[in-house]
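Student: Sequence plus the predicted model coming up.
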Amino acid sequence: MGLHYGKEKGENCDDLYEEVLSRKQLPKFSLPQESQPADLVAQLLKDELLMDGNARQNLATFCSTWMEPSVHEIMDVCIDKNMIDKDEYPQTAEIESRCVHILAKLWNSQESETTVGCSTTGSSEAAMLGGLAMKWRWRKKREAQGLTTDKPNIVCGPVQICWHKFARYFDVEMREIPLDGDEVCMNPDKLTEYVDENTIGVVPTLGVTYTCVFEPVEVISQKLDELHAEKGIDVPIHVDGASGGFIAPFVNPELKWDFRLPRVVSINSSGHKYGLAPLGVGWVVWRDAAHLPDELVFDVDYLGGHMPTFALNFSRPGGQIVAQYYNFLRLGFDGYKGIQEACLSTAQWLADEIAKIGPFDLFYDGRGGLPALSYSLKEGDWGFTLYDLSDRMRMRGWQIASYPLPGNRQDTVIQRIMIRHGVSLDMASLMLEDLKRCVEYFEQYPQVHSGATSTFHHG
């Protein structure tokens, strides 16, 4: 006959949910006094994270939500690598350098093997570094001419919030060309109204956050050439290719938006969007070393090594950089091309299907820009707003962005769906069926509104 003894105080229970910590709310305002078993804490945190949305169903985000198993393994191997410490982790530094030169070549730099660039935490930091370089070059040029440098401005179309942050943080006037009429991006014909001798640069976006179209970088460059010839105002271009920088080279290689245009001096892009890397990596590349002022580069003696650095952040994990290089090697040009074409094809199919549903007018159909689609509500009372539809779709786990357009088009509200690597046509078809069910629901139960507003933020 077996003998059974009671557990001593502090001894682990048979089940995690019998433990003392599992029968309490987790601490929110102070450090707990005692240590806890690792598996218990991990399970309770996993339980809390169930409250988050399913990232794979988040069709509002541009960011990668699916990774190959090998990428997870690489991230684990690199969890302790601080990429800023190039003396201690020289191979991670070498891999970062390889990525810069690969991107420079992809973006048609004539000096791709010798030009400069760096990784960042994302495209927002990369954009700010590009903006800083333009500001410093503008200021240096003005000082050499004996001119004032107290009123720099930057000209753009509808841009992501990072450019507004750049303007405010670094004391640069933001001149954002508004959308008028049926415009969906910067109108190059308006440039002369906004560009002057104090303009540090013009920033076209290759994949506008709001509308997903590619702004016409070549036409913008031509307009600036004409302005230079007429008034002597010579303004560079920084291309915000946060998403499109990893799309256009593979699916629209004849499109001139990159270093093939002499006026383009720098490009930023996001590795963790259509670059397919894990969250936390962006890139900025300059046409050549001359376009990154030496004064912005710090020579740092750090942990026994000598290191040049240009960044807003310092210590950063190296895993995302190594994972980016893994994707370059694993996929190659043809692999990226196949993935981006598949995403575009799915976006176009979904757009065509949604156009068949009564209430919707297509705004963007996935052709000529990013793998995405958007639509507005037709005139009339359909019993719901797009904000209602977003809320209803969330009940099935789908996160879809609804928001007004910027500039002078704020009366136009659209709903946008992003198609990324991992969003298959089958998955899109499941979303489509849920969308149809939501429309049918509102036909039976129309909503009464007190004035819906967007809660979506572009980030």
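Tutor: Noted; the coordinates are in hand.

Student: Going along the chain, name the helices of the stretch 251-400 of the chain.
Tutor: Counting by DSSP state H, counting those that start in this stretch, one finds helices in the stretch 251-400 of the chain at the ranges 319-355, 386-394.

Student: Kindly reformat those helices as JSON lines and extend each row with mean pLDDT, distance to Lys273 and mean neighbour count.
Tutor: C-beta here means a position set from N, CA and C on the backbone, and glycine is covered the same way. Written out in JSON lines, the entries for those read as follows (pLDDT from 0 to 100; distance: least, Cβ to Cβ, whole Å; neighbours: other Cβ atoms under 10 Å):
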{"stretch": "helix 319-355", "mean pLDDT": "98", "distance to Lys273": "11", "mean neighbour count": "19"}
{"stretch": "helix 386-394", "mean pLDDT": "97", "distance to Lys273": "21", "mean neighbour count": "20"}
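
Student: For Ser429, find the nearest of those.
Tutor: Nearest of the helices of the stretch 251-400 of the chain to Ser429, taken as Cβ to Cβ: helix 319-355 at 8.2 Å.

Student: ok, back up a step: mind putting the helices of the stretch 251-400 of the chain in a markdown table, distance to Thr61 included?
Tutor: Conversion of the helices of the stretch 251-400 of the chain to a markdown table gives the following (distance: least, Cβ to Cβ, whole Å):
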| stretch | distance to Thr61 |
| --- | --- |
| helix 319-355 | 14 |
| helix 386-394 | 14 |
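
Student: and Leu179, which of those helices is closest to it?
Tutor: Going through the helices of the stretch 251-400 of the chain one by one, with Cβ to Cβ as the measure, helix 386-394 comes closest at 18.3 Å.

Student: Counting by contacts, list what the closest one packs against.
Tutor: Helix 386-394 sits against strand 401-404, strand 413-418, helix 425-444, with contacts defined as 3 or more Cβ pairs under 8 Å, 6 or more residues apart in numbering; DSSP states H and E.

Student: So which of those is nearest Ala311?
Tutor: Using Cβ to Cβ as the measure, strand 413-418 is the one of the helices and strands packed on helix 386-394 that comes nearest Ala311, at 27.9 Å.

Student: thinking again about what came up before, check the helices and strands packed on helix 386-394 for me and report the most buried one.
Tutor: When those are scored by mean count of other Cβ atoms under 10 Å, the highest mean neighbour count falls to strand 413-418 (a mean of 24).

Student: starting at the chain centroid, how far to that strand?
Tutor: How far strand 413-418 lies from its chain's middle: 16 Å, per Cα atoms, centre = their mean, to the nearest Å.

Student: what do you get for stretch 319-336?
Tutor: With Cα atoms, centre = their mean as the basis, the mean position of stretch 319-336 lies at 18 Å from the chain mean.

Student: Now that Ile154 has come up, it's in contact with Val203, right?
Tutor: Yes. In terms of Cβ atoms under 8 Å, Ile154 counts as a neighbour of Val203; the distance is 6.3 Å.

Student: which other residues reach stretch 204-213?
Tutor: In this structure, residues lying in contact with stretch 204-213 by Cβ atoms under 8 Å, 6 or more residues apart in numbering are 156-160, 184-186, 214-217, 220, 237, 239-245, 247-248, 257, 363-364, 368-370, 372-374, 403, 405-406, 414, 416, 458.

Student: tell me the mean pLDDT over it?
Tutor: This predicted structure assigns stretch 204-213 an average pLDDT of 96.

Student: Check stretch 395-410 too.
Tutor: Within the predicted structure, the mean pLDDT of stretch 395-410 is 94.

Student: could I get that stretch in CSV with only the CA atoms?
Tutor: Listed in CSV are the C-alpha atoms of stretch 395-410, where the atom choice follows Å, rounded to 0.1, in the frame of the first residue of the first chain:
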residue,chain,number,x,y,z
MET,A,395,-15.2,39.9,-33.6
ARG,A,396,-13.8,37.2,-36.0
GLY,A,397,-10.2,38.3,-35.2
TRP,A,398,-9.6,40.4,-38.4
GLN,A,399,-8.0,43.8,-37.8
ILE,A,400,-8.7,46.1,-40.8
ALA,A,401,-7.8,49.8,-40.8
SER,A,402,-10.5,52.5,-41.5
TYR,A,403,-9.5,56.1,-41.6
PRO,A,404,-10.0,59.5,-43.3
LEU,A,405,-7.5,60.6,-46.0
PRO,A,406,-5.1,63.4,-45.1
GLY,A,407,-4.9,67.0,-46.5
ASN,A,408,-8.0,68.4,-48.0
ARG,A,409,-9.6,65.0,-48.5
GLN,A,410,-10.6,64.2,-44.9
